[in-house]
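# how would this look folded up:
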Amino acid sequence: MPASRVAHEESPELRIARSRGDHVFDTRGRRYIDFLMGWCVGNFGWGNAVIERPAKAFRGPDYVYPNFDYPPWEELASLLLALAPRPLAKCFRATGGSEAVDLALQAAMLHTGRRAFISLEGAYHGNTLGALSVGSGDRERLRNLLGHCRRVKPPLDHAALARFDRELARGDVAAVILEPISMNLGVLIPERGFMGELGRLCRAHGTLLIMDEVAIGFGRSGTLFASEQVGARPDILTLAKAVTDGVGGLGAMLATARVARSMEADGVFYSTYGWHPRSTAIAIATLRYIERRQDALLDAVAATSDYFRARLEAMELGDDAEIRIRGLAIGVDLHDEKRASKVGERCRRAGLLVSPEDTTVLLIPALNIRRATAKKGLDILERCMVNRGQR
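You can find the predicted model right below:
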């Protein structure tokens, strides 16, 4: 077979043909239980009819020039702001998470007149140069576009607050950017009270707080937005991924009224495909789905989270294994990168998709996953964890 003409970061492990519910299917017809869901994209299951229907029935314009007006944009913005944490007041259109993060960085620089940022060591915020600069990009080869991005090492505890305070005291920091719960760091959960105190420090030093909820948002953490449960009051919030359940591409940067005024006065936020009409219709359908089912959906997340915790705690994971769960963001830290990778490979061969992240096996099932499917997947995971010597 000739080499693929499509670039991949790594060799593709699967050739996907279709997806449905809690499963994906490869080109050979093999079915896999999906505890990955496109890495927090398919929160409500693949092929959700309520969300897919507007895409199939869409009769709006093929395209809307970004400097024109389009009434569904107002509807979508109103829905997002009604669901998002207060005091966020304005939406900016983006095609996805990376662009939303770049908009957030620009807004923070314009509002504060500063150029420096603080993020978490090893964090991930996207693939554009701005997002790589505050994330885990290769600083030697890429030479940070922003040039003033500093890192604080996890965990997010009292000692980390002191490190943040020292950096903020330099007076040049436009914003601190963090995920309220860090998904790519294996579900890193801040210490109780940490985010509230960090917000106080930011305000004292004239620094903005950016919460990146591109991955953890829309119910994944057990609340609609993780910022709510960790006590964060963001000046800026970034969103994408599950806002369309994978049926279309769309992202958003939400800001407080005062930050939005700075951005509207001096910012550049033209996006050729930001909030494409079809994607906008899908996002509206997704948010209406969440709005109508919010209580039942979050109750289901809590019950399924308890089930995953009980099953994982009963498994032979190894003496030093650590289970981190917040809603259906689940990390099993094996403290062994090679072993985590092998567990991921064994699971895939056995028909289960998980995400090895350094030393952690990350489980990201659909929020409405069927209990029978969850059981089958956890049965596979348990066998793959126990057979540690198997290749």
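# how about the strands in the stretch 1-150 of the chain?
For the stretch 1-150 of the chain, applying DSSP state E, counting those that start in this stretch gives strands covering 16-20, 23-26, 31-34, 88-94, 116-120, 149-152.
# try the stretch 201-350 of the chain
208-212, 236-239, 251-256, 322-326, 329-333.
# Please tabulate those strands in JSON lines and include mean pLDDT, mean neighbour count and distance to residue 161 as additional columns.
For glycine as for every other residue, the C-beta is placed from the backbone atoms N, C-alpha and C. Below are these laid out as JSON lines (pLDDT from 0 to 100; neighbours: other CB atoms under 10 Å; distance: least, CB to CB, whole Å):
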{"stretch": "strand 208-212", "mean pLDDT": "98", "mean neighbour count": "28", "distance to residue 161": "13"}
{"stretch": "strand 236-239", "mean pLDDT": "98", "mean neighbour count": "29", "distance to residue 161": "21"}
{"stretch": "strand 251-256", "mean pLDDT": "98", "mean neighbour count": "27", "distance to residue 161": "23"}
{"stretch": "strand 322-326", "mean pLDDT": "97", "mean neighbour count": "17", "distance to residue 161": "20"}
{"stretch": "strand 329-333", "mean pLDDT": "98", "mean neighbour count": "25", "distance to residue 161": "23"}
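# Could you list the low-pLDDT ranges of this protein?
Low-confidence segments of the chain, defined by pLDDT under 70, are located at 1-5, 7-12, 129-130, 132, 136-147, 387-391.
# Distance of the residue most central in space within it relative to residue 156?
Residue closest to the mean C-alpha point of the chain, counted by CA atoms, centre = their mean, is residue 215 at 0.8 Å. Residue 215 sits at a distance of 16 Å from residue 156 (criterion: CB to CB, to the nearest Å).
# Wait, the residue nearest to the centre of the chain touches residue 182, no?
No: at 9.0 Å, residue 215 and residue 182 do not qualify as touching, with contact defined as CB atoms under 8 Å.
# quick one, what contacts residue 215?
39-40, 97, 179, 183-184, 241 (CB atoms under 8 Å, 6 or more residues apart in numbering).
# Can you give me the buried ones in stretch 103-119?
By neighbour count with 16 or more other CB atoms under 10 Å, stretch 103-119 contains the buried residues 103-112, 114, 116-119.
# first vs last residue of that stretch, how far apart are they?
16 Å (CA to CA, to the nearest Å).
# for stretch 268-287, same thing?
27 Å.
# Direction included, what does the one helix or strand residue 175 maps to pair against?
Assigned by DSSP states H and E, residue 175 belongs to strand 173-178. Within its sheet, strand 173-178 is paired with strand 116-120 (parallel), strand 208-212 (parallel), according to DSSP bridges.
# Nearest approach to residue 134 belongs to which of the ones you listed?
The closest of those to residue 134 is strand 116-120. By CB to CB, the value is 4.4 Å.
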